[in-house]
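> Build me a structure from this.
(4 chains)
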There are 2 protein chains.
Amino acid sequence: MMNASLTPVAILIADDHQLVIDGIKSMLATEKQYIIAGEAINGQAAFDMISANPNRFQLLITDISMSHLTGIELCKMVKTRFPEIKVLILSMYNSVTVVKEALAAEADGYILKSTGKDEFLIALHRINDGGTYFSQDILPIIYNQYQKEKQQQDQLTILSPREKEILALIVKEHTSEEIGAKLFISKKTVDNHRQNILEKTQCKTTVGLVKFAIRNGLE
Amino acid sequence: MMNASLTPVAILIADDHQLVIDGIKSMLATEKQYIIAGEAINGQAAFDMISANPNRFQLLITDISMSHLTGIELCKMVKTRFPEIKVLILSMYNSVTVVKEALAAEADGYILKSTGKDEFLIALHRINDGGTYFSQDILPIIYNQYQKEKQQQDQLTILSPREKEILALIVKEHTSEEIGAKLFISKKTVDNHRQNILEKTQCKTTVGLVKFAIRNGLE
DNA sequence: TGATCAATAGGTATATATACCCACTCATTC
DNA sequence: GAATGAGTGGGTATATATACCTATTGATCA
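Numbers count the residues shown, from 1 in each chain, chains lettered A, B, ... in the order given. I've put the predicted structure just below:
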């Protein structure tokens, strides 16, 4: 709550749709704690403006799909060179990969353009207080990924306990000989287990086994 | 917005701390669209109440740590047998694993007990409208995971484009001979690339390469 | 203009994995 | 009591990967 009623927060908006810029401006018109200190029509222009005077902006609101430099790229560059500047990413829709990219680009927030004024302001407040704000619609997406992982995890049950044990050691980069020594059994026995595991998992090579194991959370 | 001022939403609260139950009740006292239709002191009791009369409740608010049956288990059981009942999970703190479990258990929401009335009501409204609500403090946790992945992803840059290409084919379970045929180069060249990749990635076997590739998002 | 590196290709080994075959013991199950 | 499956061990192949070595071409760079 550092910026309660002291110096207003200087915002730079980057979007190649003037309509969106105007919309944000009108939303913030009545909010005296925020000031639109600059507008950019694409990512490169935004970065140039920041580079020219890094202390001029405290917050960057950027569209995700822009010509020249996408919002993700812009975010990465800003966070790398001017980490003190907060970044809020605007997107038209939620897709798993885009959200992941936004997270990886160290964005402080991610909201949809369809977001209403109330939520938009909440996002701004949180980010400005050093927090983050991500659209609520994101979680169900990530949730679906965990669901898939969960489903595949049941495939491990087709392997016997001993086979799972051996598979785990294979993934740890041990050879059949090493595994045999570790389990006090013959290398031949390990080889036979490997053969059975290959059949059960319908894999053809060790590479397939490793992928199977990792998919099913055996690490 | 189906339940605006029509039938109030019947809520079942499951928590082994009477204080929490009372706190929620007082929060909802002035909200006429919600009615506390039942209270349970542990997970099993809650499930029994729902089983006895499934149509009695539309929403379950449950603590995550309860004796007999945890909130996660309760959520799973409810979602399996009575999928039309919404579930909001309450927790004392955010941990990666717990949040993951909540997501996997198909919870409609997850908030901290420290959540204020405003956010609590927003969560209820969203869930009631068929949406989800997850505490904002969750994303930074997941975000950190992607950060770790990201850090490792930079390791891919130590490989040349050709090496990355070959590594990708290795992970697709191709042999050196097959890769050579596919890229119109000699098997020996592929072998040399493999050797270089092993050195650069500090791996000793193909298994290590596969793990390296998957860690770095090369699938 | 040397130096460096990626990409190419070959030689010669050994190490490891894969594909079949076989047999025995033990516990469970029908 | 016969059948089944897991776990054990062996034989005999071939296929594949790994560890070294050398060498040429082309591009980039200080």
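> Can you tell me the number of residues neighbouring the nearest residue to A:Glu163 once chain neighbours are set aside?
Spatial nearest neighbour of A:Glu163, chain neighbours left out: A:Ile197 (5.2 Å); criterion: C-beta to C-beta, 6 or more residues apart in numbering or on different chains. Bear in mind the C-beta positions are built from the backbone N, C-alpha and C, glycine included. For A:Ile197, the count of nearby residues is 23 (other C-beta atoms under 10 Å in any protein chain shown).
> Tell me the spacing between A:Leu169 and DNA strand C.
Look at A:Leu169 and DNA strand C: by C-beta to the nearest atom of the strand, to the nearest Å, they are 10 Å apart.
> Tell me, how many residues neighbour that residue?
18.
> does the residue nearest to A:Lys204 when sequence neighbours are not counted belong to a helix or a strand, and which?
What sits nearest to A:Lys204 in space, not counting adjacent residues and going by C-beta to C-beta, 6+ apart, is B:Glu173, at 6.4 Å. Using DSSP states H and E, B:Glu173 sits within no helix or strand.
> I'd assumed A:Thr206 was in contact with B:Glu173.
No - with contact defined as C-beta atoms under 8 Å, B:Glu173 and A:Thr206 do not form a contacting pair (9.3 Å).
> got a list of what the residue nearest to A:Lys204 touches?
Contacts for B:Glu173 (C-beta atoms under 8 Å, 6 or more residues apart in numbering or on different chains) come out as A:Cys203, A:Lys204, A:Thr205, A:Val207, A:Gly208.
> Filter these down to the buried ones.
A:Cys203, A:Val207, A:Gly208 (16 or more other C-beta atoms under 10 Å in any protein chain shown).
> For the residue nearest to the last one when sequence neighbours are not counted, what are phi and psi?
The reference is to A:Gly208. Sequence neighbours aside, B:Glu173 is the residue nearest to A:Gly208 in space, at 5.4 Å (criterion: C-beta to C-beta, 6+ apart). In terms of degrees, to the nearest 10, the main-chain angles of B:Glu173 are phi 70, psi 30.
> ok, B:Glu173 to B:Thr7 distance?
Going from B:Glu173 to B:Thr7 by C-beta to C-beta, to the nearest Å gives 57 Å.
> Next: A:Pro8.
Plainly put, A:Pro8 is 46 Å away from B:Thr7 if you go by C-beta to C-beta.
> do the same with A:Met92
Per C-beta to C-beta, A:Met92 is found 36 Å from B:Thr7.
> go on, A:Ala40?
A:Ala40 is 50 Å from B:Thr7, where distance means C-beta to C-beta.
> Those two: who's more crowded?
Remark: of A:Ala40 and B:Thr7, A:Ala40 carries more neighbours, 24 against 10, as counted by other C-beta under 10 Å.
> Okay, and the beta partners of that one?
A:Ala14 (DSSP bridges).
> My guess is it contacts A:Gln18. True?
No - taking contacts as C-beta under 8 Å, A:Ala40 lies outside contact range of A:Gln18: 11.4 Å.
> thinking again about what came up before, the residue nearest to A:Glu163 should be in a helix, yeah?
Yes - according to DSSP: H, G, I helix; E, B strand; the rest coil, A:Ile197 belongs to a helix.
> dump the residue contacts of it.
Contact analysis of A:Ile197 by C-beta under 8 Å, 6+ apart lists A:Leu159, A:Glu163, A:Ile166, A:Leu167, A:Cys203, A:Leu209.
> That concludes my questions; thank you for your assistance.
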